[in-house]
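J.: Sequence and computational prediction follow.
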Amino acid sequence: MEKEALCPGPMGRRQFLRAGVAGLGALRLADLLRLRAQATAAGSPRRDTACIFVWLDGGPSHLETYDLKPEAPAEYRGLFLPIRTKVPGIDVCELLPRHAQVADKFTLIRSCSHGEADHARGAQYMLSGRTSPGLELRERTIRYPDVGSIVKWACPPARDGLPNYLGIPRRQESAGPGYLGMKYEPFEVLANPNNPDFQVPNLGLPAAGTDRLRDRMALLRNFDDMRRSLDQRGIMEAMDSYNREAIQLLTGGEARKAFDLSCVDPRERDRYGRSQVGQNMLLARRLVESGIGFVHVDGRNFSDVAPGTKSDWDDHAVHINIFEAMQNRLPWFDQAISALIEDLYQRGLDKKVLLVVTGEFGRSPRVNSKRSLLTNVVQPGREHWPSAMSILVSGGGLRMGQVIGSTTARGETPKDLPLRPEDILATVYNYLGIDTAQEYLDHSGRPLAILSDGAPIPALVG
């Protein structure tokens, strides 16, 4: 099935030129309305919704965050205690006191599991709803498009023709557009918004430079046919798409302002925490307010505020003392997530924006003590554990202030309401108005549905 029969998606180059890119690098209102009309006729109208997908790369421990087991034997339960929240029946780690104050505005999913213990394959599964067999484990081949690439493919451009998939600062390394092709990569910020001189590459051109930009674009178009004849892998098409998105951001109004954190009240920035992750969250909120449809946020690196902490959540004993890492990391994480949740509700975005916070898997219930590769000191850690994990969701007009599912007494496997990655993604797609039965083509021309299994979670959407 051809993609255009389902939803027109981003404009092709010739359409884009006709829309006026040679002049201002922005869609005319008439062209944007035409695209939306085409999408409506195809049965896929764009909803005024957005998703912030916070990715905790490495796999955070559910037993140190959202699913503590204080009654388990010492070798399982860890050092930290659960604390009550403002919602009876919901408890979180004592290192997450700000979470406790906004518990009525999020839901914890404790019963998601899968069978992929490898980082790359676990990430592919969580972000695409499909696993990659055989040789791909070694080659890290990405076949199945991640959720952000699907959003970019299945939906019209965001408001005012803005790109509808951004990565702050980048997408997850083991995900990608796969069969859809490089055109459906995100626009990546590739910069740390916590830096005093933060600006997005390709967006630093002053307003006075737009005339020069137009002249250079006209010159580049003179070489376009020759360059395209040399392209055999879709690279030029991807570059066209990326350049188009950069121009839209560069010449646009609201999105360009969203990137300018220098104009933000310092007190607002302080609320999120002056960490890279905290400022990533703030920037994501500003971008969805400006009209961006899907923002993938890197939520792993706290080394700028917690020196010695790993740059991800992969807390093996051979790498780090998991309890020391959590003591250093979780207060900053707590501040960033709770500030984002508060803002979604205080700014009236809780119906428009869905927040999802997850990694590729949880950590092993039994604490392992091993000798550190760096210090030679025996220390505690937890291993990869896809059989149980916790996921936080907030907003999206869904049911908040609850816990969905539970795990066994030691946090080993789901005890009730077992869920799979497909169910999490089906819930996201349902909220964004994307029919998961839509099909894209693999490299052999075989049609594949967005999801082959899974359904929106009734306790959230019902």
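T.: That came in fine, so what should we check first?

J.: If you count neighbours, what's buried in stretch 344-354?
T.: Leu344, Tyr345, Leu349, Asp350, Lys352, Val353, Leu354 (16 or more other C-beta atoms under 10 Å). The way it works is simple: take the backbone N, C-alpha and C, and place the C-beta from them, glycine included.

J.: CA atoms only for it - export them in CSV, please.
T.: Extracted C-alpha coordinates of stretch 344-354, given in CSV (Å, rounded to 0.1, in the frame of the first residue of the first chain):
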residue,chain,number,x,y,z
LEU,A,344,1.7,20.5,31.7
TYR,A,345,-1.2,20.9,34.1
GLN,A,346,-0.7,24.5,35.1
ARG,A,347,-0.4,25.7,31.5
GLY,A,348,-3.5,23.8,30.3
LEU,A,349,-1.4,21.3,28.3
ASP,A,350,-2.6,18.1,30.1
LYS,A,351,-5.2,17.3,27.4
LYS,A,352,-2.9,18.3,24.5
VAL,A,353,0.3,16.6,25.6
LEU,A,354,1.1,13.0,26.6
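
J.: for the record, mean pLDDT for it?
T.: In this model, stretch 344-354 carries a mean pLDDT of 97.

J.: just stretch 171-184 next, same as before
T.: Average pLDDT, stretch 171-184: 91.

J.: Quick one: end-to-end distance for it.
T.: When the termini of stretch 171-184 are compared using C-alpha to C-alpha, to the nearest Å, they are 12 Å apart.

J.: quick check, distance from that stretch to the centre of its chain.
T.: How far stretch 171-184 lies from its chain's middle: 13 Å, per C-alpha atoms, centre = their mean, to the nearest Å.

J.: Any buried residues in that stretch, and which?
T.: Buried residues in stretch 171-184, defined by neighbour count with 16+ other C-beta under 10 Å: 171-172, 174-184.

J.: what does stretch 424-433 give?
T.: Of the residues in stretch 424-433, those buried (16+ other C-beta under 10 Å) are Ile424, Leu425, Ala426, Thr427, Val428, Tyr429, Asn430, Tyr431, Leu432.

J.: How far away from the center of its chain is it?
T.: Distance of stretch 424-433 from its chain centroid, counting by C-alpha atoms, centre = their mean, is 13 Å.

J.: before we move on, what about stretch 184-197?
T.: 14 Å.

J.: Output the buried residues of stretch 344-354 as CSV; include the columns distance to Arg371 and secondary structure.
T.: Compiled in CSV, the buried residues of stretch 344-354 are given as follows (distance: C-beta to C-beta, whole Å; DSSP: H, G, I helix; E, B strand; the rest coil):
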residue, distance to Arg371, secondary structure
Leu344, 44, helix
Tyr345, 46, helix
Leu349, 47, coil
Asp350, 47, coil
Lys352, 50, coil
Val353, 45, strand
Leu354, 43, strand
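
J.: Next, give me the two most distant ones among these.
T.: Tyr345 and Leu354 (12.8 Å; C-beta to C-beta).

J.: which residues do the two both contact?
T.: In terms of C-beta atoms under 8 Å, 6 or more residues apart in numbering, Tyr345 and Leu354 are both contacted by the residues Gly395.

J.: how long is stretch 83-103 end to end?
T.: 12 Å.

J.: same question, stretch 104-121
T.: Using C-alpha to C-alpha, the span of stretch 104-121 from its first residue to its last is 33 Å.

J.: For that stretch, buried residues please.
T.: Buried residues in stretch 104-121, defined by neighbour count with 16+ other C-beta under 10 Å: 105-114, 116-121.

J.: From those residues, pick the one nearest Val318.
T.: Distance to Val318, by C-beta to C-beta, is smallest for His119 among these, at 15.1 Å.

J.: Now do the SS call for the closest residue to the closest one other than its chain neighbours.
T.: Excluding the flanking residues, the one nearest His119 by C-beta to C-beta, 6 or more residues apart in numbering is Glu360, at 6.1 Å. At Glu360 the chain is in coil, as set by DSSP: H, G, I helix; E, B strand; the rest coil.

J.: can you pull the contacts of Glu360?
T.: Glu360 sits next to Asp57, Gly58, Gly59, Glu116, His119, Gly122, Ala123, Tyr125, Met126, Pro386 when contact means C-beta under 8 Å, 6+ apart.

J.: burial count for the nearest residue to the last one once chain neighbours are set aside?
T.: If I follow you right, that is Pro386. Counting by C-beta to C-beta, 6+ apart, the nearest residue to Pro386 once its immediate chain neighbours are dropped is Phe361, at 3.9 Å. As a burial measure, Phe361 scores 29 neighbours (other C-beta atoms under 10 Å).

J.: Contacts only, for Phe361.
T.: Gly59, His114, Glu116, Ala117, Gly122, Met126, His384, Trp385, Pro386, Met389.

J.: Among the residues you listed, which are located in strands?
T.: Applying DSSP state E to the contacts of Phe361, the entries found in strands are His384, Trp385, Met389.

J.: Please pick the buried ones from these.
T.: The neighbour-count test (16+ other C-beta under 10 Å) marks His384, Trp385, Met389 as buried among the ones in strands among the contacts of Phe361.

J.: Kindly indicate which of the residues you listed lies nearest Tyr66.
T.: Nearest to Tyr66 among those, counting by C-beta to C-beta, is Met389 at 9.2 Å.
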